[in-house]
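Novice: for reference, the sequence and a predicted model appear below.
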Amino acid sequence: MNQELKSTVAIGNNGSNDKESAKSATLTESLVTSLVEAIVSGQIPAGSKISEPELAKHYQVSRGPLREAIMRLEGLGLIERAAHIGARVITLSPEKLVELYAVREALEGMAARLAARHIQQEEILALELLLTKHSNHIDEVEGASYFHQHGDFDFHYRIIKASRNQKLIGLLCNELYHQLRMYRFQSPRSQSRPKEALNEHKFILQAIRDRDEELAEMLMRRHISGSRKLIEQQISLAENR
């Protein structure tokens with residue numbers, strides 16, 4: 001085989017490999033998204049053992065992309081490995097949630113401060129529209145619940161993104177974010193305070209709109225602290241039963 005033909009074959013092989021790699025990466029991303037939603041919603045129950053054969057059959061994928069997706073979920077803190085058990089879905093105890101909310105309070109307070117500094121006018125308008133949608137939802141269900149929000153439908157998520165701090169976004173929008181969503185979906189409604197939460201969101205947005213960094217941080221921390229105290233009350237009630 002002459003050198004020119006060798007080069008042509010090599011280029012062809014590289015092109016094929018690149019396509020296969022891109023296809024595999026897309027499959028893994030799709031699988032990660034599906035598994036995250038299944039865990040967050042409780043379709044794959046908290047504490048349950050991860051069975052690769054069952055998941056591969058259910059999602060009709062090979063073991064390679066599945067194992068990569070499981071590793072990604074470990075990185076997000078949704079799956080953990082235990083001795084003699086293997087990989088399993090995490091469980092969120094009240095004690096773990098108190099720790100989670102303590103970290104969240106500090107980091108999201110910082111995010112609100114930075115959002116007040118960096119947010120764009122179109123982002124403010126989008127947040128106003130979002131809170132109107134949330135308000136309408138609460139009216140429709142007569143105050144029974146807030147949205148089970150995700151991504152751009154989540155007030156907190158948008159504030160974090162508006163901070164423009166990539167490290168902070170990475171910390172809050174990956175492990176902490178999905179664990180909190182898991183808790184929101186699977187916690188009793190008695191731990192929810194939709195009307196109060198909506199009003200607090202409105203005050204936080206007003207502070208951000210006014211570019212009052214100190215007030216935005218204080219209100220966000222107070223808002224998250226209120227949620228943490230509800231969890232602590234639940235722990236106390238459970239212990240006294």
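Specialist: Arrived safely, thanks for sending. Residues are numbered from 1 along each chain as shown.

Novice: okay, now the domains of this protein?
Specialist: 20-89, 94-240 (the TED database).

Novice: give the rounded mean pLDDT of stretch 132-144.
Specialist: Stretch 132-144 shows a mean pLDDT of 78.

Novice: could you say which helix or strand holds Ala87?
Specialist: Per DSSP states H and E: Ala87 is located in strand 86-89.

Novice: quick check: next helix or strand after that strand?
Specialist: Immediately after strand 86-89, counting by DSSP H and E, sits helix 94-118.

Novice: so what secondary structure elements neighbour that following helix?
Specialist: Applying 3 or more C-beta pairs under 8 Å, 6 or more residues apart in numbering; DSSP states H and E, one finds that helix 94-118 contacts helix 155-162, helix 166-171, helix 177-186, helix 194-209, helix 213-239. C-beta here means a position set from N, CA and C on the backbone, and glycine is covered the same way.

Novice: mean pLDDT, distance to Gly75 and mean neighbour count added to the ones you listed, as JSON lines?
Specialist: Shown next, in JSON lines, are these (pLDDT from 0 to 100; distance: least, C-beta to C-beta, whole Å; neighbours: other C-beta atoms under 10 Å):
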{"stretch": "helix 155-162", "mean pLDDT": "94", "distance to Gly75": "19", "mean neighbour count": "22"}
{"stretch": "helix 166-171", "mean pLDDT": "94", "distance to Gly75": "11", "mean neighbour count": "13"}
{"stretch": "helix 177-186", "mean pLDDT": "83", "distance to Gly75": "11", "mean neighbour count": "20"}
{"stretch": "helix 194-209", "mean pLDDT": "94", "distance to Gly75": "29", "mean neighbour count": "18"}
{"stretch": "helix 213-239", "mean pLDDT": "85", "distance to Gly75": "24", "mean neighbour count": "17"}
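
Novice: all good on my end, thank you.
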